[in-house]
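[1] Dropping the sequence and predicted coords here.
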Amino acid sequence: MESTDKGIPFSNLIIIIASGILFGLGLSVSEMVNPARVLGFLNILGPWDPTLIFVMGGALTVAVPGFQYARLMHKPVLGMSFSMPGKKDLDKKLILGAVLFGIGWGLAGICPGPSLVALNAFDGRIVLFVVALLAGLLFHDKVLSS
Amino acid sequence: MTDFSFINAFSGGVMIGFAVILMWLFLGRITGISGIIGGIVMPEKGQVSWRVIFVLSLVTGGAIYPFLWGRDLAVTLDYSWPVYLVAGLLVGVGTRMGSGCTSGHGICGLARLSNRSIVATVTFIATAALTHTVFSLITA
């Protein structure tokens, strides 16, 4: 998406807002915003909650054909080019990052999207999680990889 | 197995699927939440405002849910605050190092059939299940 000093074009704005609201509603409807649901899925030895599998299944049912259809397009409908993630190789950073993320996700049952939607619950612990998440993102770039 | 609603899970997932497809087909953007908020705290010129608008819309989706669906937004937190502090830091460092989270790798990346995302998703789900299991045993 190309942003200019004139700001974001109105049509792009509609897509961003629609996508954000749809994403927030989807996390709410599916209850993925509730850490107890996520921990129930990760609880492989006890009573198991399969919700997360069906959420991913529902999302991929739409997203797989959508992303594959996009291969036929030269550029996005409103943008100049697809911002394709550049890295192709499996490296140590990918694995170590996924492990660290997995430990944090497994401890609290919260990942970035749901943490933002869960701010609506007005619980200080969610606010703390989000502040720590932002600090972690900054810490990686400013300290670990500099 | 615990009580769960297939319809709520699947239809919520479909909504998330449409959300990421809108961003990709119309704007060519991957809807990875860790990447989007990372681009707000570490700003690139001209790439901040769309991210802020997306995050505000995401939060708004959760805010209007109780009015549209007539149900409360349940957020059940089982632990005390230090767990959320440590978990948040790990999620922040890990998603930045690993270039994505549940949305960027787990949905967009899998939908693109990206090798990196398939490996990342299997790794973080397995690690999270192991972590939760061990943490439950030692805090029981």
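    Yep, that arrived. Here the structure is a predicted model, which is why all the values come from computation and not from measurement.
[2] What segments of chain B are helices?
    B:6-22, B:33-41, B:49-69, B:81-97, B:110-111, B:115-139 (DSSP state H).
[3] likewise chain A?
    A:10-29, A:35-42, A:51-70, A:92-108, A:112-117, A:124-139.
[4] Could you single out the most deeply buried of the ones you listed?
    helix A:112-117 (a mean of 28; mean count of other Cβ atoms under 10 Å in any protein chain shown). Every C-beta, even on glycine, is put in place using the N, C-alpha and C of the backbone.
[5] one step back: can you tell which of the helices of chain B is closest to A:Leu60?
    Proximity to A:Leu60 (Cβ to Cβ) singles out helix B:110-111 among the helices of chain B, at 5.9 Å.
[6] Tell me where chain B is predicted with low confidence.
    B:1 (pLDDT under 70).
[7] related to what we said a few turns ago, could I get the helices of chain B as CSV with mean neighbour count and distance to chain A?
    Supplementary listing: those in CSV, determined by neighbours: other Cβ atoms under 10 Å in any protein chain shown; distance: least, Cβ to the nearest Cβ, whole Å:
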stretch, mean neighbour count, distance to chain A
helix B:6-22, 23, 2
helix B:33-41, 22, 4
helix B:49-69, 18, 2
helix B:81-97, 24, 2
helix B:110-111, 22, 4
helix B:115-139, 19, 3
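[8] so which of those comes closest to B:Ser103?
    helix B:33-41 (4.9 Å).
[9] Off-centre distance for the closest one?
    Counting by Cα atoms, centre = their mean, to the nearest Å, helix B:33-41 is centred 12 Å from the centre of its parent chain.
[10] what sits up against that helix?
    With Cβ atoms under 8 Å, 6 or more residues apart in numbering or on different chains as the test, helix B:33-41 has contacts from A:111-113, A:116, A:133-134, A:137-138, A:141, B:47-48, B:51-52, B:54-55, B:58, B:91-92, B:95-96, B:99-104.
[11] now stretch A:44-56
    A:30-32, A:37-38, A:40-41, A:43, B:1-2, B:4-6, B:8-10, B:12-13, B:16, B:106-107, B:110, B:129, B:133, B:136.
[12] pLDDT below threshold where in chain A?
    For chain A, the ranges with pLDDT under 70 are A:1-6.
[13] centroid residue for it?
    Geometric centre of chain A, nearest residue: A:Gly113, 4.8 Å, by Cα atoms, centre = their mean.
[14] What's the separation between it and chain B?
    4 Å (Cβ to the nearest Cβ, to the nearest Å).
[15] again with A:Gly102
    On the measure of Cβ to the nearest Cβ, A:Gly102 and chain B end up 3 Å apart.
[16] Could you pull up the residues touching that residue?
    B:94, B:123-128, B:130-131.
[17] Any chance of CSV for those, columns distance to B:Tyr84?
    As requested, the contacts of A:Gly102 are exported to CSV (distance: Cβ to Cβ, whole Å):
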residue, distance to B:Tyr84
B:Gly94, 15
B:Thr123, 23
B:Phe124, 18
B:Ile125, 20
B:Ala126, 22
B:Thr127, 18
B:Ala128, 15
B:Leu130, 20
B:Thr131, 14
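[18] ok, the nearest residue to A:Phe67 once chain neighbours are set aside - contacts?
    The shortest distance from A:Phe67 to any non-neighbouring residue, by Cβ to Cβ, 6 or more residues apart in numbering or on different chains, is to B:Ala111 (4.2 Å). By Cβ under 8 Å, 6+ apart, the residues touching B:Ala111 are A:59-60, A:63-64, A:66-68, B:17, B:20.
[19] How about A:Ala36?
    A:109, B:74, B:76, B:78.
[20] for the spatially closest residue to the first one that is not a sequence neighbour, what are its contacts?
    Among residues not flanking A:Gly109 along the chain, A:Pro35 sits closest, at 3.4 Å (Cβ to Cβ, 6+ apart). For A:Pro35, the contacting residues are A:108-110, A:114, A:118, B:75-78, by Cβ under 8 Å, 6+ apart.
[21] now A:Pro35: how far from B:Pro82?
    Counting by Cβ to Cβ, to the nearest Å, the gap from A:Pro35 to B:Pro82 is 15 Å.
[22] repeat for A:Val38
    Counting by Cβ to Cβ, the gap from A:Val38 to B:Pro82 is 19 Å.
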